[in-house]
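Asks: compute the structure for the input listed below.
(chains A and B)
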Amino acid sequence: KNEVEQSPQNLTAQEGEFITINCSYSVGISALHWLQQHPGGGIVSLFMLSSGKKKHGRLIATINIQEKHSSLHITASHPRDSAVYICAVEKGGAQKLVFGQGTRLTINP
Amino acid sequence: DTGVSQNPRHKITKRGQNVTFRCDPISEHNRLYWYRQTLGQGPEFLTYFQNEAQLEKSRLLSDRFSAERPKGSFSTLEIQRTEQGDSAMYLCASRRGLADSYNEQFFGPGTRLTVL
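Replies: As a prediction, the model looks like this:
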């Protein structure tokens, strides 16, 4: 079993829909990251959080440390949101990341 | 551009050849990480440097792989005697080595390796 599990693996929705991507982890962590990866490989950091909730524009990330669970929400989704969204947890003093397998999101106009 | 850069962006090589990739981190970042990503999967940790010291290596990093970070600036990742299973995207990331809330990792664009 992977230390970080994401669901769903693939998600297709219509423009304007509210999107939720879930992440569960099984290890002790110091922080959790949500990342966005576009075709071609570039990875962009969306959020880094260790408790509570963060909001940036139409994106919201929440984490429940007791439940070892995090969610990424996208409100009023748009075709430009189409990408792979990756959850990663930070372990140990090295602060290295352990990644989930990613969720491929497609928003149709 | 003050982001993380990687060169080359693409590399095609024949099995058995040696390849070397370079990563230039953000200048004030003292931590540098190498990850490998195969198609359809999330990245996996390979190794990390704190300044010039290589402090941790994954079991994925076989003896054909070596990484250096001379003078704590840019880093190189060399793969000797490449195998088809080495085909992947090699990602470099850097961050400041501080436990603060804005201490995110910044990723380079990656080097895509294809071994024929």
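
Asks: give me the residue from chain A nearest chain B.
Replies: Nearest residue of chain A to chain B, counting by Cβ to the nearest Cβ: A:F99, 3.4 Å away. (Glycine included, C-beta is placed from N, CA and C.)

Asks: run a quick neighbour tally on that residue.
Replies: Look at A:F99: counted by other Cβ atoms under 10 Å in any protein chain shown, it has 23 neighbours.

Asks: so who does the nearest residue to it once chain neighbours are set aside touch?
Replies: Using Cβ to Cβ, 6 or more residues apart in numbering or on different chains and skipping residues adjacent in sequence, the residue nearest A:F99 is B:G42, 3.4 Å away. With contact set as Cβ atoms under 8 Å, 6 or more residues apart in numbering or on different chains, B:G42 has these partners: A:4, A:86, A:88, A:99-102.

Asks: what does chain A put close to chain B?
Replies: A:4, A:30, A:33, A:35, A:40-45, A:48, A:50, A:86, A:88, A:94-102 (Cβ under 8 Å from any Cβ of the partner chain).

Asks: the strand or helix carrying A:R104 pairs with which strands?
Replies: Here A:R104 sits within strand A:103-108, counting by DSSP states H and E. Strand pairing for strand A:103-108, using DSSP bridges, gives strand A:10-14 (parallel), strand A:83-91 (antiparallel).

Asks: nearest spatial neighbour of A:Y85, skipping sequence neighbours?
Replies: The shortest distance from A:Y85 to any non-neighbouring residue, by Cβ to Cβ, 6+ apart, is to A:T103 (4.9 Å).

Asks: okay, now the one you found: neighbour count?
Replies: Neighbour count for A:T103, taken as other Cβ under 10 Å: 21.

Asks: could you list the low-pLDDT ranges of the chain?
Replies: You didn't pick a chain, so chain A it is. A:1 (pLDDT under 70).

Asks: that's the wrong chain, I meant chain B
Replies: Applying pLDDT under 70 to chain B flags residues B:1, B:98-102.

Asks: for it, which residues are neighbours of chain A?
Replies: Counting by Cβ under 8 Å from any Cβ, chain B comes close to chain A at B:31, B:33, B:35, B:37, B:40-45, B:48, B:55-56, B:89, B:91, B:93, B:95, B:97, B:99, B:101-107, B:109-110, B:112.

Asks: quick one: the strands in the chain?
Replies: You didn't say which chain, so I picked chain A. Secondary structure of chain A (DSSP state E): strands located at A:4-7, A:10-14, A:19-25, A:31-37, A:43-49, A:52-56, A:59-64, A:69-74, A:83-91, A:96-99, A:103-108.

Asks: chain B, not that one
Replies: B:5-7, B:10-13, B:19-24, B:31-37, B:44-50, B:53-57, B:65-68, B:75-79, B:88-95, B:106-107, B:111-115.

Asks: much appreciated, bye for now.
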